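> Sequence first, predicted coordinates after that:
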There are 2 protein chains.
Amino acid sequence: MAISKDGDDDDTLCPIAHSTGLVGDRWSILIVRELLMGQTRFQDLQAQTGATSQMLAARLKRLEADGILTRHAYSQRPPRHEYRLTPKGVNLMPVILALRTWGEAWCKPAGEEVAVRMFHRACGAELDLGGACPACERLVAWTDMQAQPTASYRAERARRAADFRRASTHPQTE
Amino acid sequence: MAISKDGDDDDTLCPIAHSTGLVGDRWSILIVRELLMGQTRFQDLQAQTGATSQMLAARLKRLEADGILTRHAYSQRPPRHEYRLTPKGVNLMPVILALRTWGEAWCKPAGEEVAVRMFHRACGAELDLGGACPACERLVAWTDMQAQPTASYRAERARRAADFRRASTHPQTE
DNA sequence: CAATTGGCTATGAAAGTCATACGCTCCTAC
DNA sequence: GTAGGAGCGTATGACTTTCATAGCCAATTG
């Protein structure tokens, strides 16, 4: 099928084949999700995605090569980087939002609350799952949305960060 | 990270983790794309996705188990099936559309024509990449869109089908 | 009644992913 | 001034997935 080294399938007109060549795997998507949520550091990405360190290192390398993120040094010696999405990366937001909508609608135990609530930046109303503003009665562009994680999802993320920190500090404990 | 046998990560509130557990891989996405484009048969799916037969068989099995598609027998002996999306599967359309938009905008050689043109069913106007109708001046829901593959993309697909048929008929030829 | 077609399954090789451990540089505490 | 983190990865070997290739089985076609 002619997948080039960077993962892209350049043998087709189909844009979906191109896209999945770059972000068509679980880890890449979760990494992009985290970066969109504002995480920038290796350790935080690892804690929240659950990827192994070498999986994460490998994916970050590929995502950088594909122009989806860049690294910015925040320390010279030792070399330490923050990872930030490029415009190309930020524009994956609609993909993430679509996965969110589908996941909330079809993959969750009935009645479980949403993880992140979305608001219309212009009028402040909460959007429905489909991205429509009940006040304005129309679909809202992703650039006009404001995300707000619920308390329980924030708690889950804090727990994940704490657990990870604990695990890497006391390697041998059961 | 607690990924259950069907692929779902049921350990988190994050809907994106749930979604990627089910469709977070290249082949599943391409298969869903094909089913959304109206293909139903094993061979056609194989030709258009480029998956190996056992990859395809395995993914179809998983997608069926996850309630994303169903098989309908069109022949009893030998058992032959068509594969069709369930509502859960059809609702992946926004994910596919988002991947399309991103792929067209960021992954294609400049100036290459789009593979599929989208029209507003209500007014007939062609939508822009973001899904907005220039006539109605608003975003259009995916259920109001009408897709139309361009001639060159149709040609590519016809070629793929023909090549595949030829390859499986004359296995040894160079 | 041979050859072909459609839809898979079987088999070994190749590639990817994992858990685990280690390395390297700095910082802080003692 | 050195012991032990913290932060960010790389190395290693086991394990699992995916691949290319081949084969199988029942119906159709010539």
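Sure thing, it's come through.
> And the residue nearest the centre of chain A?
residue A:33 (0.6 Å; CA atoms, centre = their mean).
> tell me the pLDDT at that residue?
You'll see residue A:33 listed with a pLDDT of 96.
> got the contact list for it?
A:49, A:96, B:14, B:16 (CB atoms under 8 Å, 6 or more residues apart in numbering or on different chains). Quick note: C-beta positions are derived from backbone N, CA and C, even for glycine.
> Of the residues you listed, which is the most crowded?
Most neighbours among the contacts of residue A:33, by other CB atoms under 10 Å in any protein chain shown: residue B:16, with 30 neighbours.
> Helix or strand for that residue, just tell me which one.
Residue B:16 belongs to helix B:15-23 when assigned by DSSP states H and E.
> Remind me what that helix packs against, helices and strands.
helix A:26-36, helix A:93-106, helix B:26-36 (3 or more CB pairs under 8 Å, 6 or more residues apart in numbering or on different chains; DSSP states H and E).
> could you check the angle helix A:15-23 makes with the second one?
With axes from the mean of the first three to the mean of the last three CA atoms, to 10 degrees as the criterion, the two stretches helix A:93-106 and helix A:15-23 enclose an angle of 90 degrees.
> For the lowest-mean-pLDDT helix or strand in chain A, name the packing helices and strands.
One helix or strand of chain A scores below all others by mean pLDDT, DSSP states H and E: strand A:69-75, with a mean of 84. Strand A:69-75 sits against helix A:53-65, strand A:80-85, with contacts defined as 3+ CB pairs under 8 Å, 6+ apart.
> and it, how far out from the chain's middle?
On the basis of CA atoms, centre = their mean, to the nearest Å, strand A:69-75 is displaced by 18 Å from the centre of the chain it belongs to.
> hmm, who's touching the helix holding residue B:16?
By CB under 8 Å, 6+ apart, helix B:15-23 touches A:26, A:29-30, A:33, A:96, A:99-104, A:107-108, A:114-115, B:3, B:6-10, B:12, B:28-29, B:32, B:66, B:68, B:92, B:95.
> Can I get that helix in CSV? Just the C-alpha atoms.
The C-alpha trace of helix B:15-23 is given here as CSV (Å, rounded to 0.1, in the frame of the first residue of the first chain):
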residue,chain,number,x,y,z
PRO,B,15,-14.6,9.5,26.0
ILE,B,16,-11.7,9.8,23.7
ALA,B,17,-9.9,6.9,25.4
HIS,B,18,-13.1,4.9,25.0
SER,B,19,-13.4,5.7,21.3
THR,B,20,-9.8,5.0,20.4
GLY,B,21,-10.1,1.7,22.2
LEU,B,22,-12.7,0.7,19.6
VAL,B,23,-11.6,2.6,16.4
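> Figure out the length between the terminal residues of stretch A:124-132.
12 Å (CA to CA, to the nearest Å).
> Show me what the mean pLDDT comes to for that stretch.
Mean per-residue pLDDT for stretch A:124-132: 96.
> try stretch A:81-100
95.
> Identify each buried residue in it, please.
Residues A:81-83, A:85, A:88-100 are the ones in stretch A:81-100 that count as buried (16 or more other CB atoms under 10 Å in any protein chain shown).
> Now look at it and say if it contacts chain B.
Yes. Shown here: stretch A:81-100 in contact with chain B (CB under 8 Å from any CB of the partner chain) through A:88, A:91-92, A:94-100.
> and the residues you listed as JSON lines, adding distance to residue B:147?
What follows is the residues of stretch A:81-100 next to chain B, written out as JSON lines (distance: CB to CB, whole Å):
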{"residue": "A:88", "distance to residue B:147": "25"}
{"residue": "A:91", "distance to residue B:147": "21"}
{"residue": "A:92", "distance to residue B:147": "22"}
{"residue": "A:94", "distance to residue B:147": "17"}
{"residue": "A:95", "distance to residue B:147": "18"}
{"residue": "A:96", "distance to residue B:147": "23"}
{"residue": "A:97", "distance to residue B:147": "20"}
{"residue": "A:98", "distance to residue B:147": "16"}
{"residue": "A:99", "distance to residue B:147": "20"}
{"residue": "A:100", "distance to residue B:147": "23"}
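> Could you point out the member of those that lies closest to DNA strand D?
Lowest distance from DNA strand D to the residues of stretch A:81-100 next to chain B (CB to the nearest atom of the strand) belongs to residue A:99, with 18.7 Å.
> mind checking how far the closest one is from residue A:54?
25 Å (CB to CB, to the nearest Å).
> again, but for residue A:117
Residue A:117 is 35 Å from residue A:54, by CB to CB.
> what's in contact with the longest helix along chain A?
Looking across chain A with DSSP state H, the single longest helix is helix A:151-169. If you take CB under 8 Å, 6+ apart as the criterion, helix A:151-169 is touched by A:43-44, A:46-48, A:113, A:115-116, A:149, B:12-14.
> One more: stretch A:126-141?
A:97, A:101, A:104-105, A:114, A:117-120, A:122-123, A:125, A:142, A:145, B:130, B:138-141.
> Just the buried ones among these, please.
Buried among the contacts of stretch A:126-141 (16+ other CB under 10 Å): A:97, A:101, A:104, A:114, A:118-120, A:142, A:145, B:138-140.
> Can I get those residues in TSV including distance to DNA strand C?
Below are the buried ones among the contacts of stretch A:126-141 laid out as TSV (distance: CB to the nearest atom of the strand, whole Å):
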residue	distance to DNA strand C
A:97	24
A:101	26
A:104	24
A:114	27
A:118	30
A:119	34
A:120	37
A:142	28
A:145	31
B:138	40
B:139	35
B:140	35
